[in-house]
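1. Got a predicted structure here, sequence first:
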Amino acid sequence: MTYWLMKSEPSEVSIDTLAGQPGQTIDWFGVRNYLARNFLRQMKLGDKAFFYHSSCPEPGIAGVVEIVREAYPDPTQFDFHNPHFDPKSPKDNPRWSTVDVKLVSKVELLSLAVLRTKPELAGLRLLQKGNRLSVTPVEPQHAEILERMLKRI
DNA sequence: GCCAACGTTGGC
DNA sequence: GCCAACGTTGGC
């Protein structure tokens, strides 16, 4: 079982958006970066991910989710009216993938500022300078530390 | 709004 | 294949 970290702007999809979905499940649409896409494609059923709020007043980890459907073509790439529409993606060889994630638990927001104070998390990809990837793997030792820090609500 | 960092595009 | 220009991300 692999742990991941997935970023979302709460103005688009927040942890509460997810909690309000039927089955508390949503597809992780809109990834348009090849490295992030490749990580999506590596995800296995039962993998877990930390749900991170980015580009907001208080960025940080807001919950834990589980992968409940492995990678499949992201429908938004073919939807002309969708902001994530990609005219260059071939229908017979879709460029972008998505996975379905299901809410495991909401947590008390574990803010980026607090994460930065922990020396034992210094290696976490999220905290690396210049990191902008919206989907990243989390090393087992970092996942363990994060799981211990999270307060489920 | 600013800016650093990184990715993508396109001319050559 | 190089690289300048441009666009995007995302914290502050």
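-> Sure thing, it's come through. Residues are numbered from 1 along each chain as shown, chains lettered A, B, ... in the order given.

2. All the strands of chain A, in order from the start?
-> A:3-8, A:25-27, A:48-53, A:60-73, A:97-111, A:135-138 (DSSP state E).

3. Mean confidence (pLDDT) on the longest one, please.
-> The average of the pLDDT scores along strand A:97-111 is 97.

4. re the thing from before, ok, which of the strands of chain A comes nearest A:K118?
-> With Cβ to Cβ as the criterion, A:K118 lies closest to strand A:97-111 of those, at 10.1 Å. To be clear about C-beta, it is placed using only N, CA and C from the backbone, and glycine gets the same treatment.

5. any residue of the closest one up close to DNA strand C?
-> No - Strand A:97-111 stays clear of DNA strand C (Cβ under 7 Å from any atom of the strand), getting no nearer than 8.1 Å.

6. and that strand, does that touch DNA strand B?
-> No - Strand A:97-111 lies apart from DNA strand B when judged by Cβ under 7 Å from any atom of the strand; the minimum separation is 13.8 Å.

7. A:I145 contacts A:P119, doesn't it?
-> No - A:I145 is beyond contact range of A:P119, at 10.7 Å (criterion: Cβ atoms under 8 Å).

8. Looking at those two, which one has more neighbours?
-> Counted by other Cβ atoms under 10 Å, A:I145 and A:P119 do not tie: A:I145 has more neighbours, with 17 against 7.

9. and the more buried one, how far is that from DNA strand C?
-> A:I145 is 19 Å from DNA strand C, where distance means Cβ to the nearest atom of the strand, to the nearest Å.
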